[in-house]
Structure formats: structure tokens, C-alpha cells
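Q: test case, fold it:
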Amino acid sequence: MPKKHSEMPETGCELQSEILPPNVLIEVLEGEENLRIDSLLSARLEGVSRSRINAAIRRGLVTVDGNRVKPSERFGIGVNISVQVPAPPPAGPVPEDIPLEVLYEDEVIVVINKPAGMVVHPAKGHWAGTLTAALAFHFHRLSSTGGTHRPGIVHRLDRDTSGAIIIAKTDQAHSALTHQFQDRTVEKEYLAIVSPPPGRDRDQIESSIGVHPWQREKMSIRDDHQSSRAASTFYEVRQRMGRFAVVAVFPKTGRTHQIRVHLASIGSPVVADKNYSGRGWILLSELTGNTQDDERVLERQALHAIRLKLRHPGNGQWLEFHAPVPADMQKTMQLMEQHCPK
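A: Numbers count the residues shown, from 1 in each chain. Predicted coordinates:
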């Protein structure tokens, strides 16, 4: 039975609420009346970047006479600007007491069953609640190869993809694992629910993937762009149920959104994938045929990293890890078996 890391280690610390500094009053001086307020403040506040000033403005921490301001506004001589500039974010993740399901752990690696909805490492709009924050709390040592914001992270899973992810505790283990991923010797298996079912029972998809031409949050099939990279995915249909299918997917490469883009490219996108299937949920009515069943049975992309096989970075022995299928996908598949024609 996978163990849970939920106890507080000796090196753990509680995430505290942000404490803002006191208000600072900046008086507009002669010659500054034509300056944008963000430019004026970044020039007057030593060591505070313009981006931090703009962040403070967006949060309403910069005011004139108690009123919020815009970065482009200008004020006359003698006007007092009230400013609170929070401290910059820490160099590394702030440890957070988030329970983790550990599939395997030894002195140099740990394998986690990542839940859906958890971002792997901090990024714009996702500074808290990340896997790295949980790792920093529960483990005394993590590799530094990935940088200060990604300690221990060798590879990643999308936020709403659940399943097995391996973490390096030492730089030596990190390097050895990275080489395995680069050499494509790591076996990765995913479980996906797609709709409609693929036309073939199994196939190899070989299509380059690059950034989407106009939607920043998406990737797309592109052969003629500087961002394009070769991508290879093998899939096999495990079960057909009406207009749905359960598919095992074996990506050979590891491009961003690879499985989601490749399955969508053959007309069988992962269900409840808001970026590639058009909607981020499945209604019970879609499975039962009863229009009164408006319950959302799945509210994230139906994609789970179910198996990971690789060589131990220390002794070279093959290791294979299996992540149990999460409850939301289990429930969805059970309902499909009950209500959808075979």
C-alpha cells in the first residue's frame, strides 16, 4: 500500500501569511510630474524593480488619496503616493504541508503519485500548492540540478494529469535519470479516456509539435516553425464503449502536451480536456442518456500516468512503478461500462 507523507519532518516549516511592509510616502518632485507612476517609483525606490512596482499597483498597494492608480498615470508636483511593496518571492519553493502519496523511496530517488490539479513547480499564477512546495516540506534532501525553483524535478506532468513522477534526491541521480529520458530508454505508459474512439485499434503517431499559432496556452501539430520538435506516440485501444474509448498511450518522446495534442490530431481528444476537446468536464447525462442527470462526473482531463519503468540511477537495476487509477477516472469508466454500448 503506498505510504502517505503527511507528518511534519524536523526541517519542515509552516507557510505563513504574507506580512506587508508599512506604507511609504513618495512625494512627486519637480521634474517628475511627466513620469509614469511605475517609472517614477522604480527610480525612487532603490532595489525595487519595475515589475515588482507593477505587481504592487495591480494588487492595489499603490494609492493616491486612498484611490488605486494605474501604472501609466502621472501626478503633479507635491502629490504624495502611498506605496507598499511586498518582499520578492523566495529563491526556492516555500515548504507547504501538503500530503503526498509515495509509491517508492530510497536514498537517492522518490516516486510520487501526483494528484490532478497540482502544478509540478512554481509558475506564473501558481506560486503555492505545487509539488515542489510539498517536496520541500517532506524531504530533507533534493537535487539542485533543476535550479532553485525546481529542486528534484527530473520530468513533469501537466497540472491536470495525475500519476507517477520520479524525483531525484541527489545531483548524481538527477543526471543519470536525465540521460535515461534523453536516450528514450524510460518506458512511460498513460491511461486516457478519449471521445470519439480512434479509427484504429493501435497506431503510431509521428507528428512534430510546436507552439500554437495564436493560443499561448496550447501546442499544435507544426512542421514549419522554429519551436517544432519531433514527437512520437504509440497508442492501443483497451476498451470501446459507445462514443468513448479507454486507451493505453506510450509516448516515446516527451514534448509539452504531447499525448493530448497527438490524440486530438487523430480526432480522438482526451475527454474533459478544455484546451483540446473544447470542454473541461463530462456530464452524467452523456453516459446515461438521461438529460436530467446534470452531475459533472469528471472535471479534468482524463489522463493518468499509470506506469513508469527505468533503471535505478545508482545500481542500474530495472524498476517499475504503478500509480493506481484515481477515483474520478475509475468512477467515469465504471459508469461508461454500465451505460454505454460495447
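
Q: just the element for Leu177, please.
A: helix 171-182 (DSSP states H and E).

Q: domain ranges for the protein?
A: What automatic domain parsing lists as the domains of the chain is 24-83, 90-183, 184-342.

Q: tell me if I'm right that Val83 and Glu27 touch.
A: No: Val83 is beyond contact range of Glu27, at 11.4 Å (criterion: Cβ atoms under 8 Å). For glycine as for every other residue, the C-beta is placed from the backbone atoms N, C-alpha and C.

Q: ok, the two, which is more surrounded?
A: Legend: neighbour count by other Cβ atoms under 10 Å for Val83 and Glu27, higher for Val83 (21 against 12).

Q: can you pull the contacts of that one?
A: Counting by Cβ atoms under 8 Å, 6 or more residues apart in numbering, Val83 makes contact with 23-26, 41, 45, 56, 61-62.

Q: returning to that earlier point: most packed of the domains of the chain?
A: domain 90-183 (a mean of 19; mean count of other Cβ atoms under 10 Å).

Q: hmm, back to that, and the next helix or strand past the helix holding Leu177?
A: strand 187-194.

Q: pretty sure Trp214 sits in a helix.
A: No: with DSSP: H, G, I helix; E, B strand; the rest coil as the criterion, Trp214 is located in coil rather than a helix.

Q: and the helices in the stretch 51-200 of the chain?
A: 131-138, 171-182 (DSSP state H, counting those that start in this stretch).

Q: same list (those) but as TSV, adding distance to Ile259.
A: Listed next are the helices of the stretch 51-200 of the chain as TSV, based on distance: least, Cβ to Cβ, whole Å:
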stretch	distance to Ile259
helix 131-138	19
helix 171-182	16
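
Q: pLDDT below threshold where in the stretch 51-200 of the chain?
A: Along the stretch 51-200 of the chain, the model assigns pLDDT under 70 to residues 88-91, 122-127.

Q: correct me if wrong: Ile209 contacts Gln258.
A: Yes: in terms of Cβ under 8 Å, Ile209 counts as a neighbour of Gln258; the distance is 6.1 Å.

Q: what is in contact with those two at once?
A: Taking Cβ under 8 Å, 6+ apart as the contact rule, Ile209 and Gln258 both touch 219, 231.

Q: which of the helices of the stretch 51-200 of the chain sits closest to Val237?
A: If you check each of those against Val237 by Cβ to Cβ, helix 171-182 wins as the nearest, at 26.7 Å.

Q: closest to Gly163 out of the helices of the stretch 51-200 of the chain?
A: Closest to Gly163 of the helices of the stretch 51-200 of the chain, according to Cβ to Cβ: helix 131-138, at 12.1 Å.
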